[in-house]
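**Student:** could you look at this predicted model? Sequence included:
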Amino acid sequence: MKMAEVAVFYDTEQVKIGEQCVVNELHITMYELMQKAGTAVFQALVQNYPDARSLIIFVGKGNNGGDGYVVAKLALLAGYRVQVHHHGDQNRLTSDSHKAKQDYINAGGSLLAYDDLDFQNIDLVIDALLGTGLRGDVYPETCVLIHKINRLNQPIMSIDIPSGLYANTGFASKEVIKADITVCLIAIKSGLITGSAREYVGKLLINDLGVKALFCKNASAKGTLTYAKIKPRKPTYHKGNSGHSLVIGGDAGMGGALLLSSEACLRSGAGLVASLTDTTNIMPSLVRTPEAMASDWQNQEMLSQRLSWATALGFGPGLGLSSFARHLFSQISQQTIPKVFDADALNILSLTPDFDDLRILTPHPGEAARLLNCTIKDIEQDRYQAVQKIQSKYGGVVVLKGAGTVIYDGEQFFVCAIGNASMATGGMGDVLTGVITSLLAQGYNMTQAAVYGVHIHSLAGDLAAKDKPVGLIASDVIAYLSNAVYLSSNG
C-alpha cells in the first residue's frame with residue numbers, strides 16, 4: 001500500500017523536520033510560516049463562526065502561543081473585540097512568538113491578567129496555550145487555567161491540538177481543553193486520532209498552509225489512516241472464488257458471539273462460511289443464519305475436515321477458558337492458514353505466548369494489557385507503542401481496538417478515524433472478527449484484511465448509527481456491512 005495514495009499522519013519530530021525543510025526550500029523564515037498558520041486559523045474562525053465578534057485568546061510561551069498572537073492581531077485589525085491573556089513567564093517566549101506578540105501590541109492590542117478579562121458577551125475562546133510541544137506533566141497552575149476555560153461554557157477553537165493532549169500519543173493529561181473545533185496545521189499529528197483525542201478534539205479541520213507537497217516530500221509519515229479498496233466481483237464469480245471462512249468458538253451459553261462472527265463473515269462477502277461450536281449453538285445458528293454451516297466442535301473428524309477446507313480461520317468468539325478450549329487452542333495454533341485471534345483466544349495466548357506471523361490479533365485494551373502483562377493505563381498512555389510491543393512479542397498483525405483503532409503489521413501503523421461511540425456495546429468485536437476473517441478468506445493479505453476490515457466495520461457502524469444513534473447493537477452493524485463493502489468497492 002503506497003502511503004501517498006491515502007491520508008497520512010506524523011509525530012512531532014517528523015513535523016519539525018518537515019517544517020524546517022519547507023522554510024529552507026521556500027527561502028522563508030519560521031516567522032513567515034507562523035504568519036501563514038495564524039492566517040489559516042483566523043480564516044477558519046471566520047468561516048466557522050461568522051457571527052462571532054468578541055474573542056478571548058489564551059496564549060502560552062511556545063510557537064503555539066505565537067500563532068495565537070497572529071490570530072489576535074488579524075482579528076483586531078478586522079474589527080473584533082479581542083482580549084488576550086498570556087499564561088506563564090513572558091520572558092520565556094520563543095523568538096518568533098515574541099515577535100508575534102510585539103506585532104499584536106504595535107497594532108493596538110494589549111495583554112490582560114486573568115482577573116481583568118471580561119467574560120460577558122464572549123462569542124469564542126481561542127486556545128493557543130501548549131500546542132504540540134507538551135512532553136512532561138502539565139503544571140498545576142496550567143491545569144487550573146484549563147479547568148476554568150472548559151467551564152466558561154463558550155465555544156472553543158484550539159490551534160493545532162487541544163492544550164493538555166499529548167501530540168504523539170493522544171493520551172490526556174490531568175486537564176485538557178475540550179475544543180469544539182481544532183485547526184490542525186500542515187499535517188495530522190498522531191495524537192489527534194487515537195487514545196483520548198475524540199473526547200477533546202471536536203471537529204478536526206486540517207489546513208496544509210499550501211505546503212503539502214513540499215512537506216510530504218521531506219517528512220516521513222508515521223502511518224496511514226485506514227481505508228478499504230475492495231475488488232469488484234467479475235460477472236463469472238462463483239462462491240468458491242470468495243473463499244472458505246471457518247469460525248470456531250461459542251461454548252455453552254456463549255453462542256451469540258459465534259453467531260455474530262459467522263453472519264458478519266457472510267455479510268462482508270465470504271463465499272462459504274462454516275462454524276464449529278458447542279452442540280447447544282447449532283440449532284440457533286441454523287435458525288438465525290442457515291447459510292452458515294454449523295457443526296459440533298467436539299467431533300474430531302469434522303474439525304480436521306473443516307481445518308483442511310478453510311482458507312481462513314476466526315478463533316475465539318465465545319470460546320471460554322475450559323480445558324477443551326485450551327486443547328483447541330493448541331490445535332488451531334499449529335494451522336498454517338491465516339488466522340484471526342480474538343476474545344478468549346487472546347486470553348489463552350497471554351498464558352501460553354508464542355510467535356506466529358500468520359495471525360491477526362484483535363485485542364481491546366484489557367486484552368492487550370494481559371498480552372503484555374501490564375495495566376490498561378500503560379496501554380492507553382501510548383497505543384502506538386503498545387501495538388508495537390504486542391507485534392514484536394507475538395508476530396503477525398495487531399489490531400488494538402478502541403476510539404481510533406491502531407493497527408501495526410511490523411512495518412506500518414494505521415489508524416481508523418471513523419466509527420462512533422454508539423458502537424461501544426457487546427458483540428462489536430465479534431463482528432469485526434467475522435469481517436477480517438472473511439477478507440482473509442477472499443484472498444486479501446494480512447495487512448489488507450486488518451486495515452480494510454477495521455474500516456468496513458467502522459463504516460458500517462457509522463451507517464447504522466445514522467438510523468439508530470441510541471441503542472445500537474452489533475446485529476444492527478451486521479445489517480450495514482454489505483452497504484459498507486459496496487461503498488468500499490465503488491467509492
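**Tutor:** Received, thanks. Numbers count the residues shown, from 1 in each chain.
**Student:** show me which residues of the helix or strand containing Lys16 are buried.
**Tutor:** In the assignment (DSSP states H and E), Lys16 maps to helix 12-26. For helix 12-26, a neighbour-count test (16 or more other CB atoms under 10 Å) marks 12, 14-15, 18-19, 21-23 as buried. In this view, the C-beta of every residue, glycine as well, is placed from N, C-alpha and C.
**Student:** after that helix, next one along is what?
**Tutor:** Next along from helix 12-26, by DSSP H and E: helix 30-48.
**Student:** send me the next helix or strand along the chain from that next one as CSV with only the CA atoms.
**Tutor:** Proceeding N to C from helix 30-48, the next assigned helix or strand is strand 54-59, under DSSP H and E. Output in CSV follows, covering the C-alpha atoms of strand 54-59 (Å, rounded to 0.1, in the frame of the first residue of the first chain):
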residue,chain,number,x,y,z
SER,A,54,-15.8,39.1,20.6
LEU,A,55,-12.8,36.8,21.3
ILE,A,56,-10.7,35.7,24.3
ILE,A,57,-7.4,34.2,23.2
PHE,A,58,-5.2,32.3,25.7
VAL,A,59,-1.6,32.1,24.7
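**Student:** tell me what the helix or strand following strand 54-59 is packed against?
**Tutor:** Using DSSP H and E, the next helix or strand after strand 54-59 towards the C-terminus is helix 63-77. Contact analysis of helix 63-77 by 3 or more CB pairs under 8 Å, 6 or more residues apart in numbering; DSSP states H and E lists helix 30-48, strand 54-59, strand 81-86, helix 95-106, strand 124-128, strand 156-159 as its packing neighbours.
**Student:** related to what we said a few turns ago, got the buried residues of helix 12-26 as TSV, with pLDDT and distance to Gly68 columns?
**Tutor:** Shown next, in TSV, are the buried residues of helix 12-26 (pLDDT from 0 to 100; distance: CB to CB, whole Å):
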residue	pLDDT	distance to Gly68
Thr12	97	18
Gln14	97	24
Val15	97	18
Gly18	97	22
Glu19	97	18
Cys21	97	25
Val22	97	21
Val23	97	20
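**Student:** and of these, the nearest to Tyr80?
**Tutor:** Ranked by distance to Tyr80 (CB to CB), the buried residues of helix 12-26 are led by Glu19 at 28.2 Å.
**Student:** any idea how far that closest one is from Glu32?
**Tutor:** With distances taken as CB to CB, to the nearest Å, Glu19 is found 12 Å from Glu32.
**Student:** likewise for Ile390?
**Tutor:** From Ile390 to Glu32 the distance is 43 Å (CB to CB).
**Student:** higher neighbour count, the two?
**Tutor:** Ile390 (23 against 13; other CB atoms under 10 Å).
**Student:** and that one, helix, strand or coil?
**Tutor:** Following DSSP: H, G, I helix; E, B strand; the rest coil, Ile390 is assigned to helix.
**Student:** close enough to count as contact, it and Leu361?
**Tutor:** Yes: using CB atoms under 8 Å, Ile390 makes contact with Leu361 at a distance of 6.5 Å.
**Student:** which residues do these two both contact?
**Tutor:** Common contacts of Ile390 and Leu361 (CB atoms under 8 Å, 6 or more residues apart in numbering): 371, 398.
**Student:** can you tell me the average pLDDT over stretch 45-54?
**Tutor:** Average pLDDT, stretch 45-54: 98.
**Student:** run the chain-centre distance for it.
**Tutor:** Chain-centre distance of stretch 45-54: 30 Å, with CA atoms, centre = their mean, to the nearest Å.
**Student:** span of it from start to end?
**Tutor:** 12 Å (CA to CA, to the nearest Å).
**Student:** what residues sit buried inside the host helix or strand of Leu432?
**Tutor:** Using DSSP H and E, Leu432 maps to helix 428-441. Residues of helix 428-441 classed as buried: 428-441 (neighbour count, 16+ other CB under 10 Å).
**Student:** dump the residue contacts of Ser392.
**Tutor:** Residues near Ser392 by CB under 8 Å, 6+ apart: Gly410.
**Student:** over to the one 5 residues further on?
**Tutor:** With contact set as CB under 8 Å, 6+ apart, Val397 has these partners: 359-361, 391, 407-410, 446-447, 450.
**Student:** I'd like the distance between it and Gly60.
**Tutor:** From Val397 to Gly60 the distance is 40 Å (CB to CB).
**Student:** Gly223 now?
**Tutor:** To Gly60, Gly223 is 28 Å away according to CB to CB.
**Student:** okay, the two: which has more neighbours?
**Tutor:** The residue with more neighbours, out of Gly223 and Gly60, is Gly60; 25 against 22, by other CB under 10 Å.
**Student:** quick one: that one and Gly131 touch, right?
**Tutor:** Yes: judged on CB under 8 Å, Gly60 makes contact with Gly131 at a distance of 7.2 Å.
**Student:** what do the two both touch?
**Tutor:** By the contact definition CB under 8 Å, 6+ apart, Gly60 and Gly131 are jointly contacted by Ser163.
**Student:** residue ranges for the helices of the stretch 201-350 of the chain, please.
**Tutor:** 212-218, 255-267, 282-288, 300-309, 323-333, 344-351 (DSSP state H, counting those that start in this stretch).
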